[in-house]
Structures are given as C-alpha cells and as structure tokens.
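Trainee: with the input below, show me the fold.
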Amino acid sequence: MVEKNARALDSEVIKQYLPQGKTIEELEEDMAPKSRQELKDRIKILLREKDAVLVAHYYVSAELQELAAETGGFTSDSLDMARFGNEHPASTLVVAGVRFMGETAKILNPEKKVLMPDLDATCSLDLGCPAEDFATFCDEHPERTVVVYANTSAEVKARSDWVVTSSIAEKVVRHLHEKGEKILWAPDKYLGDYVRQQTGADLISWDGACVVHEEFKAEALKQMRLDIPDAGVLVHPESPREVIEQADVVGSTTQIIKAAKELPNKRFIVATDRGIFHKMRQAAPGKEFVPAPIAGETVECIACAHCPWMAMNGLQNLAHTLETGENEIHVDPETGRRARVAVERMLEFSRNLKS
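Mentor: Below is the predicted model of the structure:
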C-alpha cells in the first residue's frame, strides 16, 4: 500500500526546481560540429591530466556516453556506475548524471574527488523525499526493514537498511520477504507497487514519483499498440501500473537494453527516458524504437520523456569542472559512513547473485 504522506513534496513544488530556459544539452545542439569536437579533445586531455575517469548514465546525451567509452570510462545504469567507480583506480571520478549518483560515488569512495558537470542536476524522487520527513516516517514504523531506491540523498540512504536500484529491487525485497521481514519502501510509489506485486511482500511506500515516468499514459499506449501491432513494449517499473500491465518486458535500463537485443521484434515502444535510445540502437542495430506516449487528457508535460536534469550535463560544463575543480561533491563523513553500509549491502548482494 502507499502511505499518503503529506510531508512528501507535491508535483507543483517539484516543478519549481526544474531548470529554467534551455538546458545545456539543448544549447549545445546549436553548436558547430567543429566546436563540439574541440571541446571533446580538450576534455580528453583534461581527464588524463587530472587522473580522472568519466562515468555516465544512459539518460545523458549520446555525446557524453560516447566520450566515456572513448576515454576508458563507463556508461550504464546507476548500479553499475557505482560499482565501476568503486573499482576503478582513478583518483577523480566525474559523474555525468544527477546528484544522487555523484553522492553515491562519494559514499563508496570517500578518499576520491568526485566532480559533476552541474550540482543543480537533481531528481524529483530525491527532492520529494526530504531526509527529516523520511526519518519521521521511519520512526512511525520501527518494526519495518527500510529499503530505499538509489534515487535518494545521502541522508536518506544513511537512515536505511538497504539501498537498491531498479535492476535489483525485486530480488532484494523477495529475499527479505522470504525471511519474514516487513518493508518500508521509498521513494517511488510505482516501483514500490510493482515490487510488492511481484514478491507478495508486506510493503508500505513513501508517496513519490519520477516526473518522466509518471507522465506515460495507459490509454494512449493502448492506441499506439493497436497502431503498431508488431511492436514489443518495454517499460521501466517507475511507470504507473496501467502502463506496466501492457508491457512485454518490465525492467531497469540495462534490462530494457538486453530485451531489445534479444527479443525477435523489429520495433519497440519504450516507456523510459529517451536518452536510452542511443545505447539501444548500438545494442540492437536495425531495430526501431518509439517513445511511449505521454499525451492524454491529464498530461502535464514536464520532461517529455527526457529528464530535464539529465539534460543539464554537457560538454561545456564538463570541461569547466575539469579545468577548475568546481562542482565537487561533498558528503558529511558520518552520514557517508552510515549510508555506505546500506549501499555496500546492495553491492555484496549483487555479487552473490552473479556468483
């Protein structure tokens, strides 16, 4: 069930935090190819000089994803971003994504410098789960095991027993449920609802949502499926239940890419951030990917299937932070120590699954 928690930030409040005007991603689309290449060349030199490695999320621009690959960095989902940064020997980690990803990198690597292109690149799930209010919520349910999604602040992670990503959430909660534990989940109510359905766990959830995934519309998706009957439907579990119910595959970003590669369909309707299309086209060349619809009677298009905070990452501010050392992530050492216990628990659980 979802706790209708009045302390959670509502969508109108979250909108105030959205970037104003054009994002850097949009501005850079107007740059001449020569200027963009000069920036890339400069960034490659700076990465070497600073003993730095670039770690990027699937939702940032194709140029940043390619730059990570070309320089020995890494592009993936938040779980593997955390794992890669933790294992890489570079003394500086540059995280192209949103703030909670940079904080997670710092939590796991307190001895390393962690930089981000823009510290204002945040997440509606993080914004909608303030640490003080969340601590009160936990105190109201002391008998429950606290499981939080990675899309949260370091302070919220420090209050948790487990941190999970979408690729491992169901497995962790099933493991806890089989041990007889009751779950307090935060912050995404749709992912929490999906995990509860899949595992049968006794789970109560914080009332939060992603501004991108919440906008996918079930009725419009039904019509799109009629219009493109041969298309497979791939859905991220942060989406509303009525959208998830129409999916051929429900999964994390990595799982969606894998499904596009392995399923026989030549076309796919994809309900997640459109930034993922770059990696999907690489993994499944020759296949066609169509964004799931956000149009509908109640639509309030905030991000139009692309996270506006992810779009704040660009070549220009990446070069600037490498040149100046600005936009460094700092986490209070004691908060980081407590949060690290929950994050490392997730990584250890993931390693055990693989072995």
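
Trainee: any chance you could map the strands in the protein?
Mentor: For the chain, the strands defined by DSSP state E cover 52-57, 74-76, 92-96, 113-115, 145-149, 162-164, 183-186, 203-205, 232-235, 249-250, 267-271, 288-291.

Trainee: tabulate these (TSV), appending mean neighbour count.
Mentor: C-betas here are computed from N, CA, C, even on glycine. Converted to TSV, those look like this (neighbours: other C-beta atoms under 10 Å):
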stretch	mean neighbour count
strand 52-57	25
strand 74-76	22
strand 92-96	27
strand 113-115	22
strand 145-149	25
strand 162-164	27
strand 183-186	26
strand 203-205	22
strand 232-235	24
strand 249-250	20
strand 267-271	23
strand 288-291	16
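
Trainee: can you redo these as TSV with distance to N352 and mean pLDDT?
Mentor: What follows is those, written out as TSV (distance: least, C-beta to C-beta, whole Å; pLDDT from 0 to 100):
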stretch	distance to N352	mean pLDDT
strand 52-57	24	97
strand 74-76	20	94
strand 92-96	25	97
strand 113-115	27	97
strand 145-149	17	98
strand 162-164	14	97
strand 183-186	20	98
strand 203-205	22	97
strand 232-235	27	98
strand 249-250	23	98
strand 267-271	30	96
strand 288-291	33	93
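
Trainee: now render those strands as TSV, adding distance to A32.
Mentor: Output for the strands of the chain, formatted as TSV (distance: least, C-beta to C-beta, whole Å):
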stretch	distance to A32
strand 52-57	23
strand 74-76	25
strand 92-96	22
strand 113-115	27
strand 145-149	40
strand 162-164	42
strand 183-186	45
strand 203-205	48
strand 232-235	35
strand 249-250	40
strand 267-271	31
strand 288-291	28
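
Trainee: out of those, nearest to E348?
Mentor: Evaluated over the strands of the chain, closeness to E348 peaks at strand 162-164, with 10.8 Å, by C-beta to C-beta.

Trainee: partner strands of that closest one, parallel or antiparallel?
Mentor: Neighbouring strands of strand 162-164 in its sheet, by DSSP bridges, are strand 145-149 (parallel).

Trainee: list of residues touching the strand it pairs with?
Mentor: In this structure, residues lying in contact with strand 145-149 by C-beta atoms under 8 Å, 6 or more residues apart in numbering are 125, 138, 156-157, 159-166, 169, 172-173, 176, 181-188, 191, 342.

Trainee: narrow those to those that are buried.
Mentor: 125, 138, 156-157, 159-166, 169, 172-173, 176, 181, 183-188, 191, 342 (16 or more other C-beta atoms under 10 Å).

Trainee: out of the strands of the chain, nearest to T321?
Mentor: For those, the distance to T321 is smallest for strand 113-115, at 4.9 Å, taking C-beta to C-beta.

Trainee: which helices and strands sit right next to the closest one?
Mentor: Helices and strands touching strand 113-115, by 3 or more C-beta pairs under 8 Å, 6 or more residues apart in numbering; DSSP states H and E, are strand 92-96, helix 99-108.

Trainee: the first one vs helix 99-108, what angle?
Mentor: In other words, strand 92-96. Strand 92-96 runs at 160 degrees relative to helix 99-108, counting by axes from the mean of the first three to the mean of the last three C-alpha atoms, to 10 degrees.

Trainee: my read: P291 touches A305, true?
Mentor: Yes: at 4.8 Å, P291 and A305 qualify as touching, with contact defined as C-beta atoms under 8 Å.

Trainee: tell me, what's touching those two both at once?
Mentor: Counting by C-beta under 8 Å, 6+ apart, the residues touching both P291 and A305 are R274.

Trainee: report how many residues lie close to K179.
Mentor: 8 (other C-beta atoms under 10 Å).

Trainee: distance check, it against A201.
Mentor: From K179 across to A201, the span is 11 Å (C-beta to C-beta, to the nearest Å).

Trainee: please apply the same query to I269.
Mentor: The gap separating I269 from A201 is 29 Å, by C-beta to C-beta.
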